[in-house]
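# This is the structure alone, sequence omitted:
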């Protein structure tokens, strides 16, 4: 193990900033890493306007991001582990 490494900073990723393009959700982590996932992983953000995508709040000291306008939450851990959001099940009318 190298001297001066803080193991906790590697085991608990924290988001510093996030951007959402027409193709990707990209997060800059506090440790300097930049990670991206396909926009399609979030059906809520895929359907959102650019203004709604830009209106976010970093929550939990960087553990995740919340988009109030579309009620979406994405965590740094979820992005790193590759867990896309599940779309809702469509109701079947009888």
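Perfect, thanks for sending it. Model, not experiment: these values are computed from the prediction.
# Could you pull out the helices in the protein for me?
For the chain, applying DSSP state H gives helices covering 7-11, 43-47, 50-54, 76-81.
# Identify whichever of the ones you listed lies nearest to residue 68.
Smallest distance to residue 68 across the helices of the chain (CB to CB): 8.9 Å, for helix 50-54. All C-beta atoms are positioned from the backbone trio N, CA, C, and that covers glycine.
# coming back round to it: in terms of mean pLDDT, which of the helices of the chain ranks lowest?
Among the helices of the chain, helix 7-11 has the lowest mean pLDDT, at a mean of 51.
# Tell me how many other residues crowd residue 34.
11 (other CB atoms under 10 Å).
# With adjacent residues omitted, what lies nearest to it?
In space, and not counting its chain neighbours, residue 34 is closest to residue 28: 5.3 Å by CB to CB, 6 or more residues apart in numbering.
# right, and the one you found touches residue 13 too?
No. With contact defined as CB atoms under 8 Å, residue 28 does not reach residue 13; the gap is 10.9 Å.
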